[in-house]
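**Q** Quick one: sequence plus predicted model below, questions after.
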Amino acid sequence: MISKNVLRLIFCVLLCASVSFIAFVASAQESDQPARATAASRDNDTNLDTQLYLIMATNRDAEDGKMPLVLEPVMNQVRQALGFKHYALAATFLNRVGHNGRLEMTWVGGPLLAPSSSPMGNPSFNQFTALVKVVTDEKGREIVRMNDFKFGSRVPIVTAQPPTTTSVGTSSFPVISYESIGLRTDISMRENTPVVAGTLNVGPSGDAIIVVISAKRAAN
């Protein structure tokens with residue numbers, strides 16, 4: 001049988017080991033708190049510059065617009081996948097948002113898909129929202145994630161052409177109606193690398209709006 005003195009010795013050893021382990025864990029947690037606080041502060045202070053590009057695609061007679069160099073990889077992908085004859089950059093928007101912040105904007109734009117025969121230059125009505133944050137993927141790389149990404153637009157569509165003859169002194173215009181289009185998704189991307197968020201076909205002529213998005217950490 002094990003003597004009482006041996007049992008007492010074993011108990012004292014186990015007690016000392018437990019106390020040492022608890023002290024080590026507490027010390028590790030305390031030393032880790034400043035690092036976590038610094039990381040949390042860094043994330044909270046992070047700002048991101050986001051760029052939204054609207055690219056018009058059509059098979060109608062039109063001239064190709066000049067694209068920014070940063071969009072060339074995306075445009076190579078788009079041309080291979082979609083096969084439209086002509087592409088033009090319709091609009092570019094630059095916005096700043098904080099980490100884990102919500103970006104929302106609405107605007108009245110130019111005549112994205114208004115016919116050239118329309119002298120009124122019918123505008124489009126647009127909205128873009130997203131929850132933007134910097135996250136780490138399964139490989140430990142930091143990426144920009146946009147949750148609940150939404151883009152919506154009301155674009156002018158020709159529903160009737162004007163008559164070929166008009167009375168003297170009167171003007172005749174095509175009949176324009178507005179069609180609502182939009183997309184909603186969650187999307188991730190590497191910093192400063194534009195990606196296609198979605199493609200929206202519009203109107204009877206088969207024109208399309210290609211939505212491209214990119215984001216990077218703000219310089220200051």
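**A** Done, it's in. Residues are numbered from 1 along each chain as shown.

**Q** Quick one: the helices in this protein, in order.
**A** Secondary structure of the chain (DSSP state H): helices at 4-45, 72-82.

**Q** among the ones you listed, which gets the worst mean confidence?
**A** In terms of average pLDDT, helix 4-45 trails the rest of these, at a mean of 54.

**Q** how close does G98 get to Q80?
**A** Distance check for G98 against Q80: by CB to CB, to the nearest Å, it reads 36 Å. Just so you know, the C-beta spots here come from the backbone N, C-alpha and C atoms, and that holds for glycine as well.

**Q** Please say which of the two ends up with more neighbours.
**A** Legend: neighbour count by other CB atoms under 10 Å for G98 and Q80, higher for G98 (16 against 8).

**Q** out of everything not next to it in sequence, what's closest to the more buried one?
**A** Among residues not flanking G98 along the chain, N47 sits closest, at 5.4 Å (CB to CB, 6 or more residues apart in numbering).

**Q** how is the chain carved up into domains?
**A** In terms of domains, the chain is parsed into 1-45, 47-217 (source: automatic domain parsing).

**Q** what about the nearest residue to E63 once chain neighbours are set aside, how many residues close to it?
**A** The shortest distance from E63 to any non-neighbouring residue, by CB to CB, 6+ apart, is to H86 (7.0 Å). When counting by other CB under 10 Å, one arrives at 15 neighbours for H86.

**Q** H86 against M75, yeah?
**A** No. Using CB atoms under 8 Å, H86 makes no contact with M75, being 11.9 Å away.

**Q** Of all the residues in the longest strand anywhere in the chain, which ones are buried?
**A** Scanning the chain for the strand with the most residues, using DSSP state E, yields strand 142-160. Burial within strand 142-160, assessed by neighbour count using 16 or more other CB atoms under 10 Å, is assigned to 143-146, 149, 151-158.

**Q** for these, which one is nearest R102?
**A** M146 (10.3 Å; CB to CB).

**Q** can you list the weak-confidence ranges in this structure?
**A** Applying pLDDT under 70 to the chain picks out residues 1-44, 110-121, 162-172, 203-205.

**Q** same thing but 80
**A** For the chain, applying pLDDT under 80 flags the ranges 1-45, 61-65, 109-122, 155-176, 202-206, 220.

**Q** give me every residue that touches the residue nearest to K66 when sequence neighbours are not counted.
**A** Excluding its sequence neighbours, the residue lying closest to K66 (CB to CB, 6+ apart) is L89, at 7.5 Å. By CB atoms under 8 Å, 6 or more residues apart in numbering, the residues touching L89 are Y53, L54, I55, M56, G65, K66, M67, P68, L71.
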